[in-house]
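Engineer: can't give you the sequence, but here's the structure:
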Ligand SMILES: Nc1ncnc2c1ncn2[C@@H]1O[C@H](COP(=O)(O)OP(=O)(O)OP(=O)(O)O)[C@@H](O)[C@H]1O
């Protein structure tokens with residue numbers, strides 16, 4: 001797969017696969033193409049090449065692969081008087097059937113997502129009243145309400161404190177254990193090394209792909225892409 005923005009080649013000949021149940025850290029310097037890769041996988045930017053989905057390889061074969069995406073710095077303008085539950089419920093909207101009223105299945109999916117990321121107690125709170133870390137978890141809950149097979153997250157830990165980061169990573173690890181393919185762009189190399197099983201290092205193309213401990217071994221990181229602060 002390749003992604004271009006006019007004269008800029010963001011990605012060239014990227015080739016990798018993510019299996020159900022994998023927890024993958026996508027790492028690389030600023031401008032390496034991590035967001036472009038996630039956005040291409042989510043179908044949000046044009047790309048050359050192919051993205052193949054294999055529904056039969058998902059724990060629940062629904063005939064198509066559901067992909068959910070949480071954008072970088074995704075904090076939306078929450079100046080409407082809506083609750084956390086309502087925002088998470090928007091994850092259930094189907095633009096092809098926008099007139100459909102939410103049913104019991106939708107309510108169950110929203111409740112499960114709220115519990116899964118630990119924001120159940122915030123369900124009735126207005127979204128304007130959330131901290132940045134709480135808002136990030138609500139956005140994850142909205143993605144989970146889609147009951148995705150593939151979950152793509154762009155810098156979900158940015159701006160989170162250690163406790164919120166730990167809670168988020170625990171939620172992602174549990175999702176992967178349930179068979180969701182989780183792919184997460186990260187700048188926190190120590191976190192990627194410690195909490196993720198697999199790391200894919202990107203700089204316009206895939207530089208390295210394998211067990212996170214190996215790809216991000218202290219000796220290799222600086223060689224791979226001159227990432228700072230890794231000891
Ligand atoms: N909409 C756009 N129009 C033009 N160029 C873009 C656009 N989006 C990204 N780029 C360029 O594509 C390249 C890859 O950007 P991308 O955002 O994918 O990198 P990244 O690895 O996610 O960076 P960061 O870690 O800083 O978020 C960069 O050179 C960037 O300037």
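Structural biologist: Okay, I see it. Computed from a predicted model, the values in this text were never measured in an experiment.
Engineer: Buried residues of stretch 124-134, list them for me.
Structural biologist: For stretch 124-134, burial by neighbour count (16 or more other CB atoms under 10 Å) applies to 127, 130, 133, 134. (C-beta placed from N, C-alpha, C; glycine too.)
Engineer: Pretty sure the second one sits against residue 122.
Structural biologist: What that stands for is residue 130. Yes. Applying CB atoms under 8 Å, one finds residue 130 in contact with residue 122, separated by 7.0 Å.
Engineer: Determine the number of other residues adjacent to residue 117.
Structural biologist: Here the count is done by other CB atoms under 10 Å, and residue 117 has 25 residues near it.
Engineer: what about it, distance to the ligand?
Structural biologist: As defined by CB to the nearest ligand atom, to the nearest Å, residue 117 lies at a distance of 23 Å from the ligand.
Engineer: check which helix or strand covers the spatially most central residue of the chain.
Structural biologist: Relative to the mean C-alpha position of the chain, the nearest C-alpha, by CA atoms, centre = their mean, is the one of residue 153, at 1.7 Å. For residue 153, the element it lies in under DSSP states H and E is strand 150-154.
Engineer: Adjacent strands (with direction) for that strand?
Structural biologist: Listed by DSSP bridges, the sheet partners of strand 150-154 and their directions read strand 67-70 (parallel), strand 181-185 (parallel).
Engineer: I'd like the mean pLDDT over that strand, please.
Structural biologist: Looking at strand 150-154 alone, the average pLDDT works out to 95.
Engineer: Quick check: neighbours shared by residue 130 and residue 122?
Structural biologist: Residues touching both residue 130 and residue 122 comprise 84, 138, with contact defined as CB atoms under 8 Å, 6 or more residues apart in numbering.
Engineer: quick one on the thing from earlier: hmm, which of the buried residues of stretch 124-134 is lowest in pLDDT?
Structural biologist: Taken together, the buried residues of stretch 124-134 show their lowest pLDDT at residue 133, with 80.
Engineer: May I ask you to confirm that it belongs to a helix?
Structural biologist: Yes. Counting by DSSP: H, G, I helix; E, B strand; the rest coil, residue 133 falls inside a helix.
Engineer: If we ignore the residues flanking it in sequence, what's nearest it?
Structural biologist: For residue 133, the nearest residue in space outside its immediate sequence neighbours is residue 164; the separation is 3.9 Å by CB to CB, 6 or more residues apart in numbering.
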